[in-house]
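Q: the following block contains a protein sequence and its predicted model.
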Amino acid sequence: MVRQRSAVVPPEVSATLRLARKEREMSMDRAAKAAQISTSLWTQVENGTQYKRGQKVPASTTAETLQAMAEAVGLEAEPLLTQAGLEPVELKPARAQHADGIVDLSGLSEGDLRIVAAYVNGLRAARHS
């Protein structure tokens, strides 16, 4: 069996990604950054349409992109890949922590970010007491 490089995004996959993103209170821009793709590509896959030569056509994507998008919103990628007729591929691991000690918080919901901010403020207050 020849592995497909890309496939049309089924409406069910688009809807699943949209729901997961909204449940995590993430904007499309934030989700795209977490997946390390452009906001434009995220929008196309989530809406299920894109423009080619001025024509609106069904959006297509690769297994790598779909996997990254699923991970960005906390979903298992395999069911989405199966629905799209794509096979899983090995992704490069995302760097959770940068070499300079900065922690990457992309992909966290607004609520989670508020919790992190409160925790950091608590640490700062404890240092100054």
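A: That came in fine, so what should we check first?

Q: low-confidence bits of the chain, can you list those?
A: 1-4, 91-104, 106-108, 129 (pLDDT under 70).

Q: now the helices for it?
A: Here the chain has its helices, by DSSP state H, at 11-23, 28-35, 39-47, 63-72, 77-84, 110-127.

Q: just the CA coordinates of the second one, formatted as PDB?
A: What follows is helix 28-35 as a C-alpha-only set of coordinates in PDB (Å, rounded to 0.1, in the frame of the first residue of the first chain):
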ATOM      1  CA  MET A  28      -6.800  29.700  16.200                       C
ATOM      2  CA  ASP A  29      -3.600  31.800  16.400                       C
ATOM      3  CA  ARG A  30      -2.600  30.200  19.700                       C
ATOM      4  CA  ALA A  31      -3.500  26.700  18.500                       C
ATOM      5  CA  ALA A  32      -1.500  27.200  15.300                       C
ATOM      6  CA  LYS A  33       1.500  28.400  17.200                       C
ATOM      7  CA  ALA A  34       1.300  25.300  19.500                       C
ATOM      8  CA  ALA A  35       1.200  23.100  16.400                       C
END
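
Q: and Leu86, how many neighbours does it have?
A: Neighbour count for Leu86, taken as other CB atoms under 10 Å: 25. Just so you know, the C-beta spots here come from the backbone N, C-alpha and C atoms, and that holds for glycine as well.

Q: I'd like the distance between the closest residue in space to Gly85 that isn't next to it in sequence and Arg114.
A: Excluding the flanking residues, the one nearest Gly85 by CB to CB, 6 or more residues apart in numbering is Ala7, at 4.9 Å. Distance of Ala7 to Arg114, given as CB to CB, to the nearest Å: 38 Å.

Q: the more surrounded of those two?
A: Remark: of Ala7 and Arg114, Ala7 carries more neighbours, 18 against 11, as counted by other CB under 10 Å.
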